[in-house]
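Student: Build me a model:
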Amino acid sequence: MSAAEPDVSIVIGAYEAMPYLVECLESVEAQTIDPLRLEVIAVDDGSTDGTGAYLEEFAERAPMAVTVIRQENSGGPSGPRNVGLGKARGRYVFFLDADDRLGPEALERMVAMADEQATDVVLGKIVGVNRGAPKSMWGKTLPRTDVFSSKIKFTLSAQKLFRRELLTRHSMRFDESLKTGEDALFTLEAYLRADGVSVIADYPCYYLVGRDDGKHVTKSGSYTLRFDSARALMNLITELVPAGPRRDSLMLRPFLITLLPQFGPVFLRDSEEVRAHKLELAKPLLEAHWHEGVARRMKVHEKLRMHLVAQGRADLLVDVVKFVKEKKAPTAFMDPGGAGAYLAYPHFRDRAAGLPDEWFTPTVRETVAIEAFKPLGPTGFRKRLRRAARRVLKAR
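Tutor: Here you go, the predicted structure:
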């Protein structure tokens, strides 16, 4: 390794980051990897709380090379990250938020994994501190996988190790027009373009810290920003993945994580004007990307809400959202003769509503979880249905 090329460029975008920045930088100093293999590029995005001064103090005493850039506030995390990325010299880049921290062995383990497996992106296990964190993708360490063969699509934050050559080859930068979800767009593109992704699930690499002041970008901002993020993700998936089951499996993510929450309990608190605006914003997204291939991957209450959004049926949607919010269990219903199984959420077979039965058809997993159907239909049918569902699950 030449002095001009460290192993990892740690890019830290910082805005009003005190006092969280103190532990963040302590975690950088505590890395077990040789500090000569690291460089830190810290961008103070117009802070007024001493963040910039503390970064400069750190640069004077740190055992690794540190570059501090101070600039006017850019209005979001994309600008500082892009500035840092433009200055990076390392073989790999890691984006560290100024209020979070690293596990001591994080970078040593992640670089070793990327080098051993020749993968372009490495995910290290994320742990929440005073806030939630993604969980489904940490079941086991995966030396080499991809976005279609794992659950990594459900963690699209930027706190990953990226091979810089990948980012350079595709001229990848964070979209500064997005004020939320910009990291999801960047990370998903990296997953899709990567020659392999690694997952480290047996060591806490990253601690996602909940701020007492609530100044997380993902917790603030107009609801319209979520629709901007969903639109960008859906367009990216459409651009890079041909139509078919693989695209549908990815499209599930922006529908479930970005769009659907806007039609959850918060919808009940929205004014009529906001409800109408949300339906208006959602309409072109559903017209372009919502179809049965995506719908059948969702639970009944999820796809039912999306179908109602697509139809602009705010009146019926409110009833379903209230039912879900109250955690009521829908009746499991089966047609006599075993013609079909359904979960009777509000407006099931309501003639006035006129909703198709298939909107209420449970997924295989929901079917396996159902304890009883009413009525049962022919003797033994329910057992046959459950056995068949288990066989499908086992084959997946």
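Student: distance of Ile152 from Ala184?
Tutor: Remark: distance between Ile152 and Ala184 (Cβ to Cβ, to the nearest Å) = 12 Å. Yep, even glycine has a C-beta here, placed from its N, CA and C like the rest.
Student: Who are the contact partners of Thr187?
Tutor: Val121, Leu156, Ser157, Ala158, Lys160 (Cβ atoms under 8 Å, 6 or more residues apart in numbering).
Student: okay, now the second one: neighbour count?
Tutor: Just to be clear, that refers to Leu156. Close neighbours of Leu156, defined as other Cβ atoms under 10 Å, add up to 24.
Student: now do the last one
Tutor: The tally of other residues near Lys160 (other Cβ under 10 Å) stands at 27.
Student: just the fourth one next, same as before
Tutor: The number of residues packed around Ala158, counting by other Cβ under 10 Å, is 23.
Student: Tell me the helix or strand right after the lengthiest strand in the chain.
Tutor: The longest strand of the chain (DSSP state E) is strand 197-209. Counting by DSSP states H and E, the element after strand 197-209 in chain order, helix or strand, is helix 224-240.
Student: Please state the offset of stretch 90-97 from the chain centre?
Tutor: Offset of stretch 90-97 from its chain centre (Cα atoms, centre = their mean, to the nearest Å): 19 Å.
Student: can you list contacts of it?
Tutor: With contact meaning Cβ under 8 Å, 6+ apart, stretch 90-97 is reached by 5-13, 24, 28, 38-39, 77, 81, 84-85, 102, 107, 110-111, 114, 158-165, 167, 183.
Student: Now list the buried members of those residues.
Tutor: By neighbour count, with 16 or more other Cβ atoms under 10 Å, the contacts of stretch 90-97 hold 6-13, 24, 28, 38-39, 77, 81, 84-85, 102, 107, 110-111, 114, 158-164, 167, 183 as buried.
Student: Give me the subset of the residues you listed lying in helices.
Tutor: Judged by DSSP state H, the subset of the buried ones among the contacts of stretch 90-97 located in helices is Cys24, Val28, Arg81, Gly84, Leu85, Leu107, Met110, Val111, Ala114, Arg164, Leu167, Asp183.
Student: May I see these arranged in TSV, with distance to Leu252 and pLDDT as well?
Tutor: Converted to TSV, these look like this (distance: Cβ to Cβ, whole Å; pLDDT from 0 to 100):
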residue	distance to Leu252	pLDDT
Cys24	33	98
Val28	36	98
Arg81	27	98
Gly84	32	98
Leu85	29	98
Leu107	32	98
Met110	27	98
Val111	32	98
Ala114	28	98
Arg164	30	98
Leu167	26	98
Asp183	19	96
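Student: closest to Ala133 among those?
Tutor: The closest of these to Ala133 turns out to be Asp183 (Cβ to Cβ; 14.5 Å).
Student: got the contact list for the closest one?
Tutor: Pro77, Phe95, Leu156, Ser157, Ala158, Phe174.
Student: Next: Lys322.
Tutor: Lys322 is in contact with Leu268, counting by Cβ under 8 Å, 6+ apart.
Student: give me that answer again for 10 Å
Tutor: Pro265, Phe267, Leu268, Lys328, Pro346 (Cβ atoms under 10 Å, 6 or more residues apart in numbering).
Student: Looking at those, state which has the most neighbours.
Tutor: Taking other Cβ under 10 Å as the neighbour criterion, Phe267 ranks highest of the contacts of Lys322 with 23 neighbours.
Student: what about that one, helix or strand, and which?
Tutor: Assessed by DSSP H and E, Phe267 sits inside helix 265-269.
Student: What mean pLDDT does the very next helix or strand once past that helix get?
Tutor: Next helix or strand after helix 265-269 toward the C-terminus (DSSP H and E): helix 272-289. Averaged across helix 272-289, the pLDDT comes to 97.
Student: Also stretch 367-376?
Tutor: For stretch 367-376, mean pLDDT is 67.
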